[in-house]
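Undergrad: Would you be able to build a 3D model of this:
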Amino acid sequence: MKTQLLLVSLAGALFAVTACSGEPPPPPTTVTATPPSTLPAPPPGPDTKTVAWLDGMCGAIYGFVKASNDHANRQSSGIEVTRPWLSENLGVRAELAGKVVEELNALPASPIPGGDTVKKSLVDSYATARDAAAEGKRKLDASTSQAALDGGLKALEAAQKPLMETTDPFASVKMETPELLTAVAAAKNCVPSP
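TA: As a prediction, the model looks like this:
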């Protein structure tokens, strides 16, 4: 029994000597949490080129509609159609449609698929209206015949055709992507003013 006690005492002494041997215990392992290196990026803002192009298109079209409506509202109701009145109105319509053609032609290539086709169609429509009004005015001013007056009235109707057509310049373009919807929302001229 003494031997067992001695062995247990020796084992305890060895343990005490090793624990006090002066070797430092290994340092505790530290764990540092690092945030992920890539945080999700905030959604990008609208493409500035797309917004500028949309603003240009909408500004030209809605500007024409507004200017045409303003001109019509300045006319008194029940007005008698006279040669001077018709000549003046044809001149105004030719000028307004011509301004749209200039503004649309000044736009760069469309960043929107199908946008250039829409632009060309609109340029053609407004150029036809401009030319009809200008030619109708020229013929009316050059002749006192009833035929010239009738031709002037037809020219006025042709000059107003863009007003009768859709005022949504993008009806044929698919504007369903989130990027395009964001760009349209940011294009201030694409919200027609009352």
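Undergrad: Show me the shaky parts of the protein.
TA: Scanning the chain with the threshold set as pLDDT under 70 gives 1-44, 166-167, 192-194.
Undergrad: try it again with 90
TA: Residue ranges of the chain with pLDDT under 90: 1-47, 62, 65-66, 68-69, 71-82, 113-114, 144, 148-149, 160-187, 189-194.
Undergrad: Show me where it has its strands.
TA: Remark: strands of the chain are absent; assignment by DSSP state E.
Undergrad: For stretch 115-129, could you pull out the residues that count as buried?
TA: By 16 or more other Cβ atoms under 10 Å, the buried positions in stretch 115-129 come out as 115, 118-119, 122-123, 125-129. Every C-beta, even on glycine, is put in place using the N, C-alpha and C of the backbone.
Undergrad: for stretch 106-114, that is, sorry about that
TA: So, applying 16+ other Cβ under 10 Å, buried residues of stretch 106-114: 107, 110-112.
Undergrad: Can you name the residues in contact with it?
TA: Residues from elsewhere that reach stretch 106-114, judged by Cβ atoms under 8 Å, 6 or more residues apart in numbering: 47, 49-50, 53-54, 56-57, 116, 118-119, 172-175, 180.
Undergrad: rerun at 10 Å
TA: With Cβ atoms under 10 Å, 6 or more residues apart in numbering as the test, stretch 106-114 has contacts from 47-57, 59-60, 115-120, 123, 170, 172-175, 177, 179-180, 183-184.
Undergrad: Which members of the buried residues of stretch 115-129 are positioned in helices?
TA: Per DSSP state H, helices hold the following members of the buried residues of stretch 115-129: 115, 118-119, 122-123, 125-129.
Undergrad: contacting residues around Leu149?
TA: Leu149 makes contact with 81-83, 86, 139-140, 143, according to Cβ under 10 Å, 6+ apart.
Undergrad: can you check Pro46 too?
TA: Pro46 makes contact with 54, 179-187 under the criterion Cβ under 10 Å, 6+ apart.
Undergrad: re the thing from before, neighbour-wise, which one of the contacts of Leu149 leads?
TA: Leu140 (23 neighbours; other Cβ atoms under 10 Å).
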